[in-house]
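[1] Just to be clear, the model below is a prediction. Sequence and coordinates:
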There are 2 protein chains.
Amino acid sequence: MTTQDIVDAVVRALTVEVEASGRHVHLTREAVEQLFGPGHRLTPTKELSQPGQYACAERVDVVGPKGTLKNVAVLGPERKECQVEVPRAGAVALGLRPPVRQSGDLRESCPVKLQVGERVLELDRGVIVAQRHVHMTPQDAQRFGVADGETVGLRCLSERPAILLDTVVRVSENFATYVHLDYDEANACGWKKGDRARLV
Amino acid sequence: MTTQDIVDAVVRALTVEVEASGRHVHLTREAVEQLFGPGHRLTPTKELSQPGQYACAERVDVVGPKGTLKNVAVLGPERKECQVEVPRAGAVALGLRPPVRQSGDLRESCPVKLQVGERVLELDRGVIVAQRHVHMTPQDAQRFGVADGETVGLRCLSERPAILLDTVVRVSENFATYVHLDYDEANACGWKKGDRARLV
């Protein structure tokens, strides 16, 4: 083991890898059938960093009052309620002003239409801008000295350095330790794949 | 004068208003004539916050290797070299990876095509992502204790609070005191018109 290997291992231990989430939708069982046909099952194509989560072959158009985002990724598995996550730039293109929310918290989220060919599904609510967050295993949370639900600052070690405050820590045995930003945030930080952040 | 008036005045004295700059182009005299016809003069439609700078009635399409940004704003007055400023999200849509640069610094900036109807202008270079910056009068620079060319942190007092590091201070008698972010940065901070920032 070289000195550089040791330095790299220490840096990894003191920082968390940052991932950027593109716009995507989560669907219920009923929504999958309404949009893709009776009995249809989502087709996993790629595992995501969080265990059990995956990208699907299916795509949907998200239709807002002012514009449409075409071919938006569907993430599995199915959920109890449909949810559409867009960065603010995407929300502006749709003509919506969704609230910044943690995944699963759809209070005051915006109504929107999902479309696949001729099939249309009207959602009463569901569009949010995802609150930036860091997924952590309980072991890593202890190591970093943070608790589930806490907010921390993120010192992004990227081309356009920034400290993103108000980043929610989410801790679960089912998680892998990664920071999730949307593309507005990732671009603002000059993020590239593999960049890491310190919790401050 | 009420207590609130005094509080507001103190807050204004300790903070700087943040503006978000949309994608835009600066053109040379020659480029104006090539794109809009011999003898054409830019038509100012709206004064900007920086004295002498204005938005124009003219619009151009910016054509990259992978996509086109249509109807991009032209800002006047004319400059010595053409420059195209896009947020990273816009650069991705064009299929370009421009460097983050201060306005006027076009080292390693990307080539691109400008188009107005049938008229086309090929630029050898010119596309940048604008480095975040704060324009200041010499009086305000002295008051905040900063100097031209220095970089500071910006504590954005907005919906998604962040500290944007590496923000360049630019001081001139010809400036008005404003922070300029691009829309990736403004969106990442949850910026809305009128929001302010502290220098840290």
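    Here it is on my side, so go on. Quick caveat: nothing in here was measured; it's all calculated off a predicted structure.

[2] Quick check: the residue nearest in space to the middle of chain A vs chain B, distance?
    Residue closest to the average C-alpha location in chain A (CA atoms, centre = their mean): A:Ser21, at 4.6 Å. Using CB to the nearest CB, to the nearest Å, A:Ser21 is found at 13 Å from chain B. C-betas here are computed from N, CA, C, even on glycine.

[3] List the contacts of that residue.
    A:85, A:130, A:180-183 (CB atoms under 8 Å, 6 or more residues apart in numbering or on different chains).

[4] looking at chain A, which helix or strand does the model trust least?
    Ranked by mean pLDDT, DSSP states H and E, the weakest helix or strand in chain A is helix A:3-14, scoring a mean of 89.

[5] and chain A, which residues reach chain B?
    Contact residues (CB under 8 Å from any CB of the partner chain) of chain A with chain B: A:87-89, A:100, A:132, A:153, A:159-166, A:183-185, A:187-190.

[6] now for the least confident helix or strand of chain A, which elements pack on it?
    strand A:196-199 (3 or more CB pairs under 8 Å, 6 or more residues apart in numbering or on different chains; DSSP states H and E).

[7] what pairs with the strand it packs on, and is each one parallel or antiparallel?
    Taking DSSP bridges as the criterion, strand A:196-199 sits next to strand A:16-21 (antiparallel), strand A:151-157 (antiparallel) in its sheet.

[8] so whichever helix or strand comes after the longest one versus strand A:151-157, what angle?
    In this case it means strand A:151-157. Per DSSP states H and E, the first helix or strand lying C-terminal to strand A:151-157 is strand A:162-171. For strand A:162-171 against strand A:151-157, the angle by axes from the mean of the first three to the mean of the last three CA atoms, to 10 degrees is 130 degrees.

[9] how about strand A:162-171 as CSV, C-alpha atoms only?
    C-alpha atoms of strand A:162-171 as CSV (Å, rounded to 0.1, in the frame of the first residue of the first chain):
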residue,chain,number,x,y,z
ALA,A,162,-20.0,25.7,-2.4
ILE,A,163,-21.5,24.8,1.0
LEU,A,164,-25.0,23.7,0.5
LEU,A,165,-26.8,24.2,3.9
ASP,A,166,-30.0,22.6,5.0
THR,A,167,-29.1,19.2,3.6
VAL,A,168,-31.3,16.5,5.3
VAL,A,169,-29.6,13.4,6.7
ARG,A,170,-31.6,10.2,6.2
VAL,A,171,-30.4,7.1,8.0
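
[10] Counting by contacts, list what it packs against.
    Of the remaining helices and strands, those touching strand A:162-171 by 3+ CB pairs under 8 Å, 6+ apart are strand A:133-136, helix A:138-144, strand A:151-157, strand B:162-171.
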